[in-house]
Every structure is written in structure tokens, then in C-alpha cells.
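Enquirer: Provided below for reference: sequence and predicted model.
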Amino acid sequence: MNSSTERFEARLQTELAAIADSIELPPPDFQYRVRQRIALHRRRRRATVAAAVAAGAAVVLAASLGLSLPSRDSRVIVPAADGPSVTGPPGARPTATAASDTPWWAADSTARPTGGTAAGTSSDQASGPAGNAASGTATAPDSSAALQAFWDSKDSGPHDEVRLLDQEPTPSGFLLLVAGREPDGRRRILLLHSDRNAEQGLTDQSLLLLADWPAPSTPTAPIALAVGVPTDNVALILLAPPCGGGARVLSLDHTPGIAEVLWTQSRPGIWRTRITLPGDNRTSLRCDAPGDGVDHPLVQQSSGVPTAIGTVSLLTGE
Amino acid sequence: MANGSARDKRGTFVRRSERETRFEEFVLARSPSLLRLCHLLTNDRGLAEDLLQTTLANCYRRWDQATSQGREEAYVRAAIVNTHISTVRRRRLQEILTLHLPETGQREPAGAVDDRDLLRRALAELAPRTRSAVVLRHYVGLTEQETAQTLGCSVGNIKRLSSRGLAQLRAAMDRQPPAPQATEAPRRAIQAAAR
């Protein structure tokens, strides 16, 4: 190392020391600032750990849900137009495939009569053109997805076997009767209002929930909507399962065959009639087919729901 | 501070509150010299304080490790240098933008203050590792071995960094500022134009 380098190093050390000496001392609260910085680091570290734990828990939860629940696409959706239900993966819901527990409106309709028009004791085979009353199901778009999306958003969890049972025109739109099963396995029936019907394409934004009732516990029980009309009469919209060629006998106050009833196929597997009763009568329905013959009294489930066409109550068979 | 215990450098268990007390004593005693080191590295008072606070906060988490080696100051010094280098690398663009400080006028003869300003600016132009090597060797007074240990590199690398740094500083400090007669040029041009 030559002398000029040594001189420069000595000069550099002197200058650096002079610069260092000219630097002010730390402020009096420097220690407090360090303590604050330590606290800040600790908070950030905890927040990072908490976020990582939350993200991990979310991933684990999502993975476990994805493994334990069937995907939305594989859930049971019964298209309104096609009728037959598509069951989910075996084992996902053991009760879903049990035919004895499946109500008629959620089951696959193997008997597809081409129409229905008969008085009082009509048989399914003697029925007329299909879909002439209120449905037009042959060309109806699939409304089940919109109904299911609406129901899922209103209630907790995904719903299965969502099916539009019937729709009734009103001055302001349509009343929709929808059946389905909740995540806990209970079956429910919804009364909805929409400004469009299933044929026009339902969207979950167009739907309004009016009532939510428990479905009848008896799988073969009919369902009826009793609509109060201004003339002190009751319009009864009765939905019934296929009768297997037998006669459906509608009784009023235990008097069978009270009226000439025109049965039409509302949806595949669902038969519909609308009669006007003089008052709040006790009504029951029986299917006079071999192996059936059970009389199902129609019992009002709840107080009425005011709608554009009157007060609507649900009657379910026992 | 959290309750609990940690091992002392002699292997005895000490309470966390005692550890905290030792840390605060260290900060109180050594922060002036450490702040000067930070200032020489960053060339800015605010950045120096920020660098020291960040480093001390990081070191507090591993204070047991630092005290177990019995070289708290060396530990913190190494942490300061490494934090500074990584910070500069993250903010390389800002660092480059502030490298060339504006000229401050002509040099006064034998102006010691200007020499320091020149040295400050020359230091600012050095690369972070080179600057750290120069400051550690010629301000802190570490040996090449200690500097290599602090920077986590070989002694040969320290020699190269120091040599390069000294050469750049020498060139910058020996560079003569514009001579006073240089300002005559525009005047002569004006006079020539007037003729």
C-alpha cells in the first residue's frame, strides 16, 4: 500500500468521524418509538398469522364440504317440462330414493297420460289433450333452476327436488306453488308470486315469497289451494297424483262425488282441477283404484295469505 | 411484554421482563452510535432513524439469540447492514433517482464543510454493499475478517469492495469543481458578440 493510499485512508477516516460527530443524537423519545415499532411488528405478525389461519380453515372447510355434499349440478332437479326427476348420487341422501317416502309430486311419473278431461270420476286414460288448463308444459323452459336459486338465497343451504307444481294466473301476475326439500330433509311447499309464469321464464329476481308451509307427511296425499273469492265461495285448486286408471272421488262434507270435476294434467304426474265450493266445507279426495281407495281429508295448514285474487290457504291431505 | 422465560447467554433462565429491560438498556446506551452508522449508510436523518427502529424491532424478536452469543452490538450492526441493503434493493429506483445530488456552487478553498459534503455525496454514489464495506472498515474500524462476517461474504470480497469503494471516493473527492474562470466564458462570448 503506497503512502498516498494511506494518506487518503487516514483522511477518509477523519472525514467520516467528522460527519458522524456532526450527526445529532437520537431524540429523547427514541426508545418509545422503538417500542411502538415492536408493537406494530407484533400486530402485523398476528394479523398475518390470523389471516393465514382463516384462509387455511376456509380451504379445509371448502374441501370438506366439496367432499361431503353433492355438487349443485348433481342435485335433484325436476324440470317442469320433462317431469321425471333426476336423482342425485346414490348415498348422498338415502331417504331421497326411498320410493315409499317420496311424495307423488317429487317422484318420477311413469304414468304419463296424454291429457285429462272427465267429470267427477274420470280416469287418467280417458283424459283429453294435455296442458290445456294452466301450464303448457310441453314447451315450458326449465324453471326449477331459478326456483332453486331463489329458495337457496332465501333459506340456508341448498334445496333438493325443487319442482313447480302449479301456477295460477292473477290480475298482477302468477301464483306459483313450488315443492322441494330443505337441507335437513324436511319437505316444504312455497307459495310465490311472480310477474311472469314458467313458460315466460322465471328468474329469481322476479319471485316473491308469499308463504312457506310444511308439505303433507303422507306421500300419496293431495295438495289443494283454497282461494277465497268475493262471492263467499271458495275456489279449490286441487292437485292430485295419477290414479292408475281409477276414479278420483271428491267428497264434500263426507258426501262423495259432490260435483262434476274436470281433471287436467298440470305437470307430469300432477293432476289439477278447480272447483268452486259454496263455503268452507270439509273436503276429501279418494282414488278408487285397485290397491288404493284411501280417503284423504284436506286440512287447512295455516291462516290465509292475502293475494291479488283473494285469501289463499293451503290444504293438505292426511 | 409477554410472560415466559428465555435462556441467558450463561444458560440461566431469565424472565421476559428482564430480557426487555436488557434490550432497553442496550437501546439507550448504543442507539447514538448505531444511529450514526445508519446515517452514514443512508445519508439521510429520517431514513437512518427508520432503519434503526426497524432493525431494533426485528432484533427484539431474536434478542435471546443475540445475547446468547454475547455480541449484541455486532448482531445489531449486521442486522442494520443487511436491512439497509435489502431496503435499497427494494427501492432501487428511488435510490437511483436521488443518487446525483444537485451541484451546490463553487468550492471554497480549504472548506472543510465542503469536503464533508463532497464525501457525503460520494458515499451516496456507492453501491449499498460497497458503501457498507467502506463504512464498516473505515468508520466502525472493523477488520476485514469482521467486516466479512458482518456482511456475510468472504474476506476477498471485502477487499475488492473496499478497494473499489476507496477508488471511487478518491476519484470523487479529488475531482476539481468548475474553476472560477469557467464562469468567464459566457461573459467573453457576450463581449465578442458586442464587438
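Expert: Right, received. Where do you want to start? Numbering: from 1, shown residues only, chains lettered A, B, ... in the order given.

Enquirer: what's the longest helix that chain B contains packed up against?
Expert: Ranked by residue count under DSSP state H, the longest helix found in chain B is helix B:16-42. Contact partners of helix B:16-42 among helices and strands, from 3 or more C-beta pairs under 8 Å, 6 or more residues apart in numbering or on different chains; DSSP states H and E: helix A:3-22, helix A:30-68, strand B:5-7, helix B:45-61, helix B:63-68, helix B:72-90, helix B:128-135. Using the backbone N, CA and C atoms, a C-beta is placed for each residue, glycine as well.

Enquirer: got the CA positions of the fourth one in CSV?
Expert: Only the C-alpha atoms of helix B:45-61 are listed here, as CSV (Å, rounded to 0.1, in the frame of the first residue of the first chain):
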residue,chain,number,x,y,z
ARG,B,45,-31.5,11.5,9.0
GLY,B,46,-35.1,10.3,8.7
LEU,B,47,-34.1,7.2,6.8
ALA,B,48,-31.4,6.5,9.4
GLU,B,49,-33.9,6.6,12.2
ASP,B,50,-36.4,4.4,10.3
LEU,B,51,-33.6,1.9,9.6
LEU,B,52,-32.5,1.8,13.2
GLN,B,53,-36.1,1.4,14.5
THR,B,54,-36.9,-1.3,12.0
THR,B,55,-33.7,-3.2,12.8
LEU,B,56,-34.1,-3.0,16.5
ALA,B,57,-37.7,-4.1,16.3
ASN,B,58,-36.6,-7.1,14.2
CYS,B,59,-33.7,-7.8,16.6
TYR,B,60,-36.0,-7.8,19.6
ARG,B,61,-37.7,-10.9,18.4
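
Enquirer: buried residues in that helix?
Expert: For helix B:45-61, burial by neighbour count (16 or more other C-beta atoms under 10 Å in any protein chain shown) applies to B:47-60.

Enquirer: Dump these to JSON lines, plus distance to chain A and pLDDT.
Expert: Shown next, in JSON lines, are the buried residues of helix B:45-61 (distance: C-beta to the nearest C-beta, whole Å; pLDDT from 0 to 100):
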{"residue": "B:47", "distance to chain A": "13", "pLDDT": "89"}
{"residue": "B:48", "distance to chain A": "8", "pLDDT": "91"}
{"residue": "B:49", "distance to chain A": "7", "pLDDT": "91"}
{"residue": "B:50", "distance to chain A": "9", "pLDDT": "91"}
{"residue": "B:51", "distance to chain A": "11", "pLDDT": "92"}
{"residue": "B:52", "distance to chain A": "8", "pLDDT": "93"}
{"residue": "B:53", "distance to chain A": "5", "pLDDT": "92"}
{"residue": "B:54", "distance to chain A": "7", "pLDDT": "91"}
{"residue": "B:55", "distance to chain A": "10", "pLDDT": "93"}
{"residue": "B:56", "distance to chain A": "5", "pLDDT": "92"}
{"residue": "B:57", "distance to chain A": "4", "pLDDT": "91"}
{"residue": "B:58", "distance to chain A": "7", "pLDDT": "89"}
{"residue": "B:59", "distance to chain A": "10", "pLDDT": "90"}
{"residue": "B:60", "distance to chain A": "5", "pLDDT": "89"}
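
Enquirer: Tabulate those (TSV), appending distance to residue B:72.
Expert: Shown next, in TSV, are the buried residues of helix B:45-61 (distance: C-beta to C-beta, whole Å):
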residue	distance to residue B:72
B:47	23
B:48	20
B:49	20
B:50	21
B:51	17
B:52	14
B:53	17
B:54	17
B:55	12
B:56	11
B:57	15
B:58	14
B:59	8
B:60	11
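
Enquirer: which one among those gets closest to residue A:155?
Expert: Proximity of the buried residues of helix B:45-61 to residue A:155 (C-beta to C-beta) peaks at residue B:57, which lies at 50.2 Å.

Enquirer: Settle this for me: the closest one is touching residue A:44, isn't it.
Expert: No - using C-beta atoms under 8 Å, residue B:57 is not in contact with residue A:44, being 10.3 Å away.

Enquirer: Domain parsing of the chain, as residue ranges.
Expert: I went with chain A, as the question did not name one. As assigned by automatic domain parsing, chain A contains the domains A:3-68, A:72-317.

Enquirer: You answered for a different chain; I wanted chain B.
Expert: According to automatic domain parsing, the domains of chain B span B:1-99, B:110-178.

Enquirer: I'd guess residue A:313 is in a helix, am I close?
Expert: No - read with DSSP: H, G, I helix; E, B strand; the rest coil, residue A:313 is strand and lies in no helix.

Enquirer: Quick one, which of the domains of chain A gets closest to chain B.
Expert: Closest to chain B of these, according to C-beta to the nearest C-beta: domain A:3-68, at 4.2 Å.

Enquirer: Can that closest one be said to contact chain B?
Expert: Yes - Domain A:3-68 is in contact with chain B by C-beta under 8 Å from any C-beta of the partner chain, via A:5, A:8-9, A:12-13, A:15-20, A:22-26, A:30-31, A:33-34, A:37-38, A:40-41.

Enquirer: give me the low-pLDDT residue ranges for the stretch 51-200 of chain A?
Expert: Within the stretch 51-200 of chain A, the ranges that satisfy pLDDT under 70 run A:67-101, A:108-142, A:156.

Enquirer: Now do the strands in it.
Expert: Secondary structure of the stretch 51-200 of chain A (DSSP state E, counting those that start in this stretch): strands located at A:160-170, A:173-181, A:187-194.

Enquirer: okay, the ones you listed in JSON lines with mean neighbour count and distance to residue B:24 next?
Expert: As requested, the strands of the stretch 51-200 of chain A are exported to JSON lines (neighbours: other C-beta atoms under 10 Å in any protein chain shown; distance: least, C-beta to C-beta, whole Å):
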{"stretch": "strand A:160-170", "mean neighbour count": "23", "distance to residue B:24": "64"}
{"stretch": "strand A:173-181", "mean neighbour count": "24", "distance to residue B:24": "66"}
{"stretch": "strand A:187-194", "mean neighbour count": "21", "distance to residue B:24": "66"}
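
Enquirer: which stretch among those comes nearest residue B:160?
Expert: Across the strands of the stretch 51-200 of chain A, residue B:160 has its closest neighbour in strand A:160-170 (74.0 Å, C-beta to C-beta).

Enquirer: circling back: any buried residues in the longest helix of chain B, and which?
Expert: For helix B:16-42, a neighbour-count test (16+ other C-beta under 10 Å) marks B:19-20, B:23, B:26-27, B:30-31, B:34-42 as buried.
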